[in-house]
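Trainee: Here you go, sequence then predicted model.
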Amino acid sequence: MKLKPLSDNIIVEAIKEEEKTKGGILLPQNSEKDKPNHGIVIEVGPGKMTSSGKVIPMELKKGDKIIFSKYGHHEVKIDGKDYLVLRQEDVLAVIG
């Protein structure tokens, strides 16, 4: 992949979970409820630059599994794969 995020942006591969009933029946995806809200960090930018020129390093790293806000990200398609570009501040938690 030739996609490098700038500033405090990160590239995420979203993980879409399928919903199942107790009996094992897969439920169809529909509406905003099914927008993915977690994924794996693929790339991270260098960090946010302050007004004094200092770079605040990123807290996230490649491979982190994260939960992020459902809104505020940009969807991109590179080499046939879908990715999300979002700011580190849109990440709510790191899993595990």
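Mentor: Alright, I've got the coordinates.

Trainee: what residues are up against the residue of the chain positioned farthest from its centre?
Mentor: Relative to the C-alpha centroid of the chain, counting by C-alpha atoms, centre = their mean, Gly23 is the outermost residue, at 31.0 Å. Residues counted as contacts of Gly23 (C-beta atoms under 8 Å, 6 or more residues apart in numbering): none. The C-beta positions use only the backbone N, C-alpha and C, and glycine is treated the same way.

Trainee: Surely it forms part of a helix?
Mentor: No. Looking at Gly23 with DSSP: H, G, I helix; E, B strand; the rest coil, it is coil, so not inside a helix.

Trainee: what about the strands in the protein?
Mentor: Using DSSP state E, the strands found in the chain span residues 9-14, 19-20, 26-27, 38-44, 48-49, 55-56, 65-68, 74-78, 81-87, 91-95.

Trainee: Kindly compare burial across those strands and name the winner.
Mentor: Scoring these by mean neighbour count under mean count of other C-beta atoms under 10 Å gives strand 9-14 as the most buried, with a mean of 21.

Trainee: Just the pLDDT for the residue nearest the centre of the chain.
Mentor: The residue lying closest to the centre of the chain (C-alpha atoms, centre = their mean) is Val12, at 3.6 Å. Looking at Val12, its pLDDT is 96.

Trainee: can you tell me which residues contact it?
Mentor: Contacts of Val12 (C-beta under 8 Å, 6+ apart): 39-42, 66, 68, 73, 83-86.

Trainee: If it is in a bridge, with which residues?
Mentor: Val41, Leu84 (DSSP bridges).

Trainee: Gly53 versus that one, what's the distance?
Mentor: 28 Å (C-beta to C-beta, to the nearest Å).

Trainee: residues contacting Pro5?
Mentor: Counting by C-beta under 8 Å, 6+ apart, the residues that Pro5 touches are 11, 43-45, 85.
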